[in-house]
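Chemist: Would you be able to build a 3D model of this:
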Amino acid sequence: VRGDYGSGTEIYAMRPDGSEMRRLTQNNVLDSHPDWSPDGERVVFVSHPDSIPGQSNRRPDIFVMNADGSEMRRLFQSSLYATHPSWSPDGSRIAFENYDYAVGESRVYVMDADGSNVRQIPSAAGPNYWPEWSPDGTRILFVSSRPPRNLWTLYVVNADGTGERQLSDDSACLSHVSIPKWSPDGSRIGYLCDSDVGAIYTVRADGTDRRLLIPPRPDKPSYEYSPVWSRDGSQVAFASDRDTPEHVMEAAWHIFVANASGDGITRITT
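Modeler: Reported below is the predicted structural model:
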């Protein structure tokens, strides 16, 4: 995603080395949270083309387009907001977060890839965010704020809505967890921790064994954001402001790639 969140952002694609960058969306509104289909033919994303009646802000809905940006169409229209779409490994379904007026909170939903058969995943009380499919497609990882922690915490549920359980606790993060991403082999989960701003961590799929994956720059404050695993699990891409010049007041964000061990950090956008 590239642009200014105050006025509009567009979705771009590029090769893993940063070459051949091309713009996919052309609508001058907020476009965000792109996710490739498993076959690489389509991109599901969030766009804000319509206003919310009685409010100044626009409503985020779920859209899909071809990999070249063509044939954009809306898959799901929310009553207030829908965001964070995630494609199932077999490409047949999309999980996303949608506001549910009945409970006054966000919930995890699943729909077929064509936008049909929309259904809510049953869940215990508490808002649910950032759904993420397990690599085998049997479970959905998400973040929820509910007792006993009352902080954003990792949870997992079977794709049919059964077997919900808490994964993480204070050993993974002393504050809020966000933007979880399952490694392609299903063994570990990458995430951000609010109490350790500027770092990306991983835990095992059962929520144990916290490890520092991407540290902030040792010589200056930096913030690492939105980790994404490569399909073979050998690398991690993430956004960071670590290359912002010292004299610049506003952070300059770029995309970086590192080995899955956390070393070899390389900036790929200019």
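
Chemist: for the helix or strand where Ser32 lies, which positions count as buried?
Modeler: Secondary structure from DSSP states H and E places Ser32 in strand 31-36. Buried residues in strand 31-36, counted by 16 or more other Cβ atoms under 10 Å: Asp31, Ser32, His33, Pro34, Asp35. For the C-beta atoms, the positions are set from N, CA and C on the backbone; glycine is no exception.

Chemist: Closest one of these to Pro245?
Modeler: Ser32 (26.0 Å; Cβ to Cβ).

Chemist: Now do the same for that closest one: its pLDDT.
Modeler: On the pLDDT scale, Ser32 is placed at 93.

Chemist: returning to what we had before: ok, residues contacting the strand holding Ser32?
Modeler: 1, 8-11, 24-25, 42-48, 60, 67, 83-87 (Cβ atoms under 8 Å, 6 or more residues apart in numbering).

Chemist: Now with 7 Å, please.
Modeler: 1, 9-11, 25, 43-47, 83-87 (Cβ atoms under 7 Å, 6 or more residues apart in numbering).

Chemist: following that strand, which helix or strand comes up?
Modeler: That would be, after strand 31-36 and using DSSP H and E, strand 42-51.

Chemist: relative to strand 31-36, how tilted is that next one?
Modeler: Here strand 42-51 points in a direction 160 degrees away from that of strand 31-36 (axes from the mean of the first three to the mean of the last three Cα atoms, to 10 degrees).

Chemist: ok, the next helix or strand after strand 42-51: who's next to it in the sheet?
Modeler: Beyond strand 42-51 on the C-terminal side, the first helix or strand identified by DSSP H and E is strand 58-66. Partner strands and pairing direction for strand 58-66 (DSSP bridges) are strand 42-51 (antiparallel), strand 73-76 (antiparallel).

Chemist: And the contacts of strand 31-36, which is closest to Gly264?
Modeler: Val1 (24.1 Å).

Chemist: quick one: pLDDT of that closest one?
Modeler: pLDDT, Val1: 82.

Chemist: That one: how many residues sit nearby?
Modeler: 19 (other Cβ atoms under 10 Å).
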